[in-house]
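> Mind folding the following:
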Amino acid sequence: MELQAIRYAAMVSTMTFDQAADVFARYLSQIGEPDVEARAELLDFLGWEEPDEDAFAQDVRIVLASAEFARELTTSALWLIERGVDIRCVRLQPYEIEGRAFVDVQQIIPLPEMAEYQVKVTEKKRKEREARSDNRDWTSYDVSLNGRKLFSLRKRHAIYQVFRYLVEEGIAPEEAAQHCGRRSNRALVSVDGEVNADDFQRLAKEARAREGRSFNPKRFFREDEQLLRFGGRTYAFSSQWGGPDWHEAMIGLRDAFPEKNIDFEPSE
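Numbering: from 1, shown residues only. A predicted model of the protein is given here:
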């Protein structure tokens with residue numbers, strides 16, 4: 001069983017981001033959450049705006065838990081540790097005292113006194129990798145909204161400002177969202193009434209639950225000053241715009257409303 005876990009970890013380490021997202025999507029369907037967007041969820045977990053294949057799955061962390069470990073397994077674990085793999089063996093020994101069950105948990109590999117040293121080695125190697133190459137697209141953009149200039153915005157904030165501007169100009173959020181490309185049907189969540197942030201999150205979760213769906217507020221601009229209120233409803237705009245979806249949506253919004261004089265370009 002332990003060796004099988006190591007094989008699974010090795011398999012994941014060879015995946016691309018898209019392959020991992022596909023596997024995660026199948027898992028979400030199996031547990032009854034097909035409406036959760038696997039790709040966006042992974043990006044949010046990693047803290048990325050778009051996939052970075054050079055950084056993805058470069059580190060593997062394995063924790064093996066068992067009552068006993070065969071000598072072959074401990075030898076393999078020590079060999080992996082020497083080569084920079086973060087692997088731990090934790091021994092679980094259940095016992096009973098006066099009808100109550102307890103579990104004694106002891107980390108046996110690496111020994112606790114070696115753990116701090118191992119963390120320092122791992123952190124040093126991580127920083128060396130980051131220093132060698134960081135190819136993620138951190139481009140900031142300047143946005144022009146009918147002559148009003150906004151400078152050095154991250155991608156998610158640039159598209160939010162464009163969308164907010166259109167709503168403030170009288171464009172219904174649903175109409176504007178239709179021009180957001182492939183993410184059009186996931187760009188908005190709305191509730192009845194003009195409500196504050198706390199009420200919005202509560203009502204959105206309740207509404208999604210009635211539909212058998214989930215609402216993750218971390219994936220939307222959800223603060224009180226970020227919510228959009230229009231026509232007696234309150235809207236939260238998506239904050240998940242990594243990769244080509246962002247550029248497609250920005251062009252779609254700009255070209256759909258030429259009279260609003262929207263423009264954007266990379267910051268100098």
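
> Show me what counts as buried in the strand or helix carrying L92.
Following DSSP states H and E, one finds L92 within strand 86-97. For strand 86-97, burial by neighbour count (16 or more other CB atoms under 10 Å) applies to 86-89, 91. Glycine gets a C-beta too; all of them are placed from N, C-alpha and C.

> Ok, stretch 100-115 next?
109-110.

> how about the CA coordinates for it, as PDB?
The C-alpha coordinates for stretch 100-115 follow below in PDB (Å, rounded to 0.1, in the frame of the first residue of the first chain):
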ATOM      1  CA  ARG A 100     -11.800   4.600  25.200                       C
ATOM      2  CA  ALA A 101      -9.800   4.300  22.000                       C
ATOM      3  CA  PHE A 102      -6.600   6.200  21.500                       C
ATOM      4  CA  VAL A 103      -4.000   6.400  18.800                       C
ATOM      5  CA  ASP A 104      -0.300   7.000  19.400                       C
ATOM      6  CA  VAL A 105       1.100   8.900  16.500                       C
ATOM      7  CA  GLN A 106       4.900   9.000  16.000                       C
ATOM      8  CA  GLN A 107       6.900  10.200  13.100                       C
ATOM      9  CA  ILE A 108       9.700   7.700  12.500                       C
ATOM     10  CA  ILE A 109      11.200   9.000   9.200                       C
ATOM     11  CA  PRO A 110      12.700  11.400   9.200                       C
ATOM     12  CA  LEU A 111      13.400  11.500  13.000                       C
ATOM     13  CA  PRO A 112      11.900  14.600  14.600                       C
ATOM     14  CA  GLU A 113      15.300  16.100  15.400                       C
ATOM     15  CA  MET A 114      16.100  16.000  11.600                       C
ATOM     16  CA  ALA A 115      12.900  17.700  10.600                       C
END
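
> Please compute how far that stretch lies from its chain's middle.
31 Å (CA atoms, centre = their mean, to the nearest Å).

> Check what contacts it and list those residues.
If you take CB atoms under 8 Å, 6 or more residues apart in numbering as the criterion, stretch 100-115 is touched by 69, 74, 77-78, 81, 87-96, 118.

> can you give me the helices in the stretch 101-250 of the chain?
In the stretch 101-250 of the chain, the helices defined using DSSP state H, counting those that start in this stretch lie at 112-132, 155-168, 173-177, 197-210, 244-256.

> Where among these is average confidence lowest?
Averaged per stretch, pLDDT over these is lowest on helix 112-132, reaching a mean of 61.

> okay, and the helix or strand of this structure with the least pLDDT?
Least confident element among the helices and strands of the chain, by mean pLDDT, DSSP states H and E: helix 2-13 (a mean of 50).

> immediately after it, which helix or strand?
helix 17-30.

> What residues sit buried inside that next one?
17, 20-21, 24-25, 28.

> Let me know whether G231 touches I171 as I believe.
No. Applying CB atoms under 8 Å, one finds G231 not in contact with I171, separated by 11.2 Å.

> So for the two, which residue has more residues nearby?
Between G231 and I171, counted using other CB atoms under 10 Å, the more crowded position is I171 (19 against 10).

> Spatially nearest residue to the more buried one (excluding sequence neighbours)?
F257 (6.8 Å; CB to CB, 6 or more residues apart in numbering).
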